[in-house]
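A.B. asks: could you look at this predicted model? Sequence included:
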Amino acid sequence: MMESTSPLISVIIPAFNAELYIQEALESVCNQSYVNIEIIVIDDGSSDKTREIIERFEDNRIRLISRENRGLIATLNEAIEVSRGDYIARMDADDICLSERLDTQVKYLRKHHNIGLLFTGIEYIDENGKKIRKKVSTKSRKLEPVELLFGCPVCHPTVMFDMTKLKKSDIHYDEAYCLAEDFELWTRLVSVTEIGIINEVLFRYRIHPNSITSKNNE
């Protein structure tokens, strides 16, 4: 898609002590086939070399905000607030986007006018990037509200919000739901718009001892 004619996508990346993986994560976003993007990286008070690694990138699409630690939920809300895109895509600092991820999601959302947020299939990888298993829907479909009664069936960092259909106030994460802020958001948004799932692996989701999933599992 040509930059001059394609809508802007804001990719928001919270980063905290992510020096081991932030290079690969950012490269996967910078190398997307869809080029009209802004990459909002918030360094949430890292004490390692996270900021130094980000500053090495010579890509003027990257907008780095570096400040004291405020936590994941506050960081997500801040990134959303400063975003300028017609679409907002999530991304974590230790994961990897496949090169067609953004292009595929935008095309889907522009075609399906009833869908306001969209998830993709994922491939789980370990700390060394080795494939563990994949998780995809049985078919390209919309998420039925009843499914949320049995847990969270979607992967948070794969989400893309269509801001031509939603308001920023719709996608504000609630700090009262620490460790389940994404699940709580989906339960609110399901009454605002339909939720779509693409039956295709477009994202590599990393599991390692310091990941949020591992730390918060118990």
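C.D. replies: Sure thing, it's come through.
A.B. asks: C-terminal to the host helix or strand of D43, what's the next element?
C.D. replies: Taking DSSP states H and E as the definition, D43 sits inside strand 37-44. Next along the chain after strand 37-44, taking DSSP H and E as the criterion, comes helix 50-55.
A.B. asks: tell me which residues in that next one are buried?
C.D. replies: By 16 or more other C-beta atoms under 10 Å, the buried positions in helix 50-55 come out as 50-51, 53-54. C-beta here means a position set from N, CA and C on the backbone, and glycine is covered the same way.
A.B. asks: so the nearest residue to T193 once chain neighbours are set aside: helix, strand or coil?
C.D. replies: Ranked by C-beta to C-beta, 6 or more residues apart in numbering and with sequence neighbours excluded, the top spatial neighbour of T193 is G116, at 3.0 Å. The local conformation at G116, judged by DSSP: H, G, I helix; E, B strand; the rest coil, is strand.
A.B. asks: enumerate every residue touching G116.
C.D. replies: Contacts for G116 (C-beta atoms under 8 Å, 6 or more residues apart in numbering) come out as 161-162, 165-166, 189, 192-195.
A.B. asks: average pLDDT for the one helix or strand Y108 maps to, rounded please.
C.D. replies: For Y108, the host element (DSSP H and E) is helix 101-111. In this model, helix 101-111 has an average pLDDT of 97.
A.B. asks: returning to what we had before: look up how far D95 lies from the residue nearest to T193.
C.D. replies: To D95, G116 is 23 Å away according to C-beta to C-beta, to the nearest Å.
A.B. asks: what is the burial count for the closest residue in space to V159 that isn't next to it in sequence?
C.D. replies: Spatial nearest neighbour of V159, chain neighbours left out: R90 (4.9 Å); criterion: C-beta to C-beta, 6+ apart. R90: 23 surrounding residues under other C-beta atoms under 10 Å.
A.B. asks: now swap in S169 and tell me
C.D. replies: There are 7 residues near S169, going by other C-beta under 10 Å.
A.B. asks: elements contacting the strand holding D43?
C.D. replies: Applying 3 or more C-beta pairs under 8 Å, 6 or more residues apart in numbering; DSSP states H and E, one finds that strand 37-44 makes contact with strand 9-15, helix 22-30, helix 50-55, strand 62-67, helix 72-82.
A.B. asks: ok, that strand: who's next to it in the sheet?
C.D. replies: Applying DSSP bridges, strand 37-44 is found paired with strand 9-15 (parallel), strand 62-67 (parallel).
A.B. asks: that strand vs helix 72-82, what angle?
C.D. replies: With axes from the mean of the first three to the mean of the last three C-alpha atoms, to 10 degrees applied, the angle from strand 37-44 to helix 72-82 works out at 140 degrees.
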